[in-house]
Structures are given as structure tokens and as C-alpha cells.
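Undergrad: Quick check, what structure comes out for this input:
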Amino acid sequence: MPRHIKGLSETARLNEQLETLHERLHINNLRMKRNTKELEKINREVQLNRSDKITELEQEISKIENEVRWVEQSEPAVQVEPEHMLKKLNIL
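TA: Numbering: from 1, shown residues only. Reported below is the predicted structural model:
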């Protein structure tokens, strides 16, 4: 009889541990779902910020390229003759 009672108490203890593990598994699964949603949200924000920054930098590059093109293609505002430069140097 003592072995039977000991077996029942062992079974009860194991069942209780199993139930506790099931509860912890359920809680961990809920946390994992919540964390996955948060991670997806963060990843979307990072991707959005990255694409915004890329667009901003591309616009800045385009602006600089236009300025360079304008400088290369525009004619000088004042044509300086060598004689004019010599006169200026003599004055100094």
C-alpha cells in the first residue's frame, strides 16, 4: 500500500509540473506573438526611414549635379583679356 500511495503522489506531482509547463508555454507563445508584431513594426519603420533617407540623398545628389552642369555649361560672366590683367597688375 505505501508504494501505491507514493506512486499516486508522484503522479500528482508530475501532472502538476506538466500543467505548469503548459501554462508557461502558453504565456511564452503569447509573448512571442507580441514580440513578433513589435519586431515587424520596427522593421517597417526602419525600412521607411531608410527609403526616405535614400530619396533625400538622391535629391541632394541631383541638385549638386545640376549645379555642376550649370557651371560647366554657362559662359563666364566677364571675359578677361590678358592686356586687362596686365594693366591691373601694373596698378598694384
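Undergrad: And the longest helix anywhere in the chain, what does it pack against?
TA: When the chain is parsed with DSSP state H, its longest helix is helix 2-73. When contacts are defined as 3 or more C-beta pairs under 8 Å, 6 or more residues apart in numbering; DSSP states H and E, helix 2-73 packs onto no helix or strand at all. No exception for glycine: its C-beta is placed from N, CA and C like everyone else's.
Undergrad: pLDDT of it, averaged?
TA: Per-residue pLDDT over helix 2-73 has a mean of 91.
Undergrad: Quick test: name the residue nearest the centre of this protein.
TA: The centroid of the chain falls nearest to V46 when counting by C-alpha atoms, centre = their mean (3.3 Å).
Undergrad: where's it relative to T36, distance?
TA: Distance of V46 to T36, computed by C-beta to C-beta, to the nearest Å: 16 Å.
Undergrad: Near L39, how many other residues are there?
TA: 10 (other C-beta atoms under 10 Å).
Undergrad: same deal with N90?
TA: N90: 7 surrounding residues under other C-beta under 10 Å.
Undergrad: Repeat that for V71.
TA: V71 has 8 neighbours, counted by other C-beta under 10 Å.
Undergrad: and what of S74?
TA: Number of residues near S74 (other C-beta under 10 Å) recorded here: 8.
Undergrad: residues in contact with the residue nearest to the centre of the chain?
TA: Residues in contact with V46 (C-beta atoms under 8 Å, 6 or more residues apart in numbering): none are found.
Undergrad: Output stretch 20-27 as CSV, nothing but the C-alphas.
TA: Extracted in CSV, the C-alpha atoms of stretch 20-27 (Å, rounded to 0.1, in the frame of the first residue of the first chain):
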residue,chain,number,x,y,z
THR,A,20,2.7,24.4,-15.0
LEU,A,21,4.9,23.8,-18.1
HIS,A,22,1.8,24.1,-20.3
GLU,A,23,0.9,27.4,-18.7
ARG,A,24,4.4,28.7,-19.2
LEU,A,25,4.4,27.5,-22.8
HIS,A,26,1.1,29.3,-23.4
ILE,A,27,2.4,32.6,-21.8
